[in-house]
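**Q** Okay, structure incoming, though there's no sequence with it:
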């Protein structure tokens, strides 16, 4: 984590508040996944709304690609803040382009998300749709952000130049445990690029990851991979938690075999972002 300049971070936060003040006058929908970036957006927007008024809705899409635990945590945090929260079923899994699982999968997911936010905005009278793209993301190639640009979605965190470390700092300073929450992309991101996204594979991943989560793991991924015609699972853990996976190997192996996987492997190089791409 980089060192935080408290004065500059506070200036950026005030910039965010000013943006939200202007947007809220005409009504704001925040695409709220339950992750850290969208969490700071709904916290900041609700704080501004209480002081200056306006119209705010946190909107969460629900599909089989979202872990149940993530949805429950999103609901709980929005409830804690007192933010108006709507959950809408999304159907990206029915899109053949999405199921194909190429490098544009996230694009098709975001297309579905912003179709939903646009529909709700038009029906319920919200002018602006915001989402949690931050300043640290601008150096990454993100297919999902292309969909945001195409749909005129606003990225106030990036516009305020708030980085991921600064966002964590702000939420930590305001006493929110979510400040330490690791990134948690959808279950489809655990399926190696080119392997079809199916309901069974998503369910398999969630069940295997729940074994790790329920035994205290914090940073982990269970990835579906393929060798020829044989599907296998590759488990990635934070370096300090690899021993836990070894202790759970019999349970993990039994569950994976029951679900039809040829091998259940542990990646000794540990957890790495983007490990499902190849």
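**A** In hand now; what should we look at? No experiment lies behind these values; they were computed from the predicted model shown. Residues are numbered from 1 along each chain as shown.

**Q** tell me the centre residue of this protein?
**A** residue 185 (4.2 Å; Cα atoms, centre = their mean).

**Q** Make sure that residue is indeed in a helix.
**A** No. Per DSSP: H, G, I helix; E, B strand; the rest coil, residue 185 lies outside any helix segment and is coil.

**Q** Can you tell me how far it is from residue 65?
**A** Residue 185 sits 10 Å away from residue 65, going by Cβ to Cβ, to the nearest Å. Quick note: C-beta positions are derived from backbone N, CA and C, even for glycine.

**Q** Would you mark the buried spots in the worst-scoring helix or strand of the chain on mean pLDDT?
**A** Lowest on mean pLDDT, DSSP states H and E among the helices and strands of the chain sits helix 143-150, with a mean of 92. For helix 143-150, the neighbour count (16 or more other Cβ atoms under 10 Å) marks 143-145, 147-148 as buried.

**Q** With stretch 2-9 instead?
**A** Residues 4, 9 are the ones in stretch 2-9 that count as buried (16+ other Cβ under 10 Å).

**Q** ranges for the helices of the stretch 51-200 of the chain?
**A** For the stretch 51-200 of the chain, helices defined by DSSP state H, counting those that start in this stretch occupy the ranges 68-81, 96-100, 105-124, 143-150, 156-159, 164-173, 199-214.

**Q** Figure out which of the ones you listed is closest to residue 57.
**A** Closest to residue 57 of the helices of the stretch 51-200 of the chain, according to Cβ to Cβ: helix 105-124, at 7.2 Å.

**Q** Show me what counts as buried in that closest one.
**A** Across helix 105-124, burial judged by 16+ other Cβ under 10 Å covers 105-114, 116-118, 120-121.

**Q** helices or strands next to that helix in the packing?
**A** When contacts are defined as 3 or more Cβ pairs under 8 Å, 6 or more residues apart in numbering; DSSP states H and E, helix 105-124 sits against strand 28-31, strand 56-62, strand 85-89, helix 96-100, strand 128-131, helix 143-150.

**Q** Report the mean confidence score over the fifth one.
**A** Read that as strand 128-131. The predicted model assigns strand 128-131 a mean pLDDT of 98.

**Q** same thing with the third one?
**A** Mean pLDDT, taken over the full extent of strand 85-89, equals 98.

**Q** and the angle for it with strand 56-62?
**A** Interaxial angle, strand 85-89 versus strand 56-62 (axes from the mean of the first three to the mean of the last three Cα atoms, to 10 degrees): 30 degrees.

**Q** Can you tell me what sits against strand 85-89?
**A** The contact list for strand 85-89, computed with Cβ atoms under 8 Å, 6 or more residues apart in numbering, reads 32, 57-63, 71, 75, 78-79, 116, 120.

**Q** Between those residues, which sits nearest residue 132?
**A** residue 32 (8.1 Å).

**Q** Residue 74 is in contact with that closest one, correct?
**A** Yes. Residue 32 is within contact range of residue 74, at 6.5 Å (criterion: Cβ atoms under 8 Å).

**Q** follow-up on the earlier one: of all the helices and strands packed on helix 105-124, which gets the most neighbours per residue?
**A** strand 28-31 (a mean of 26; mean count of other Cβ atoms under 10 Å).

**Q** Please compute how far that one lies from its chain's middle.
**A** Counting by Cα atoms, centre = their mean, to the nearest Å, strand 28-31 is centred 15 Å from the centre of its parent chain.

**Q** That concludes my questions; thank you for your assistance.
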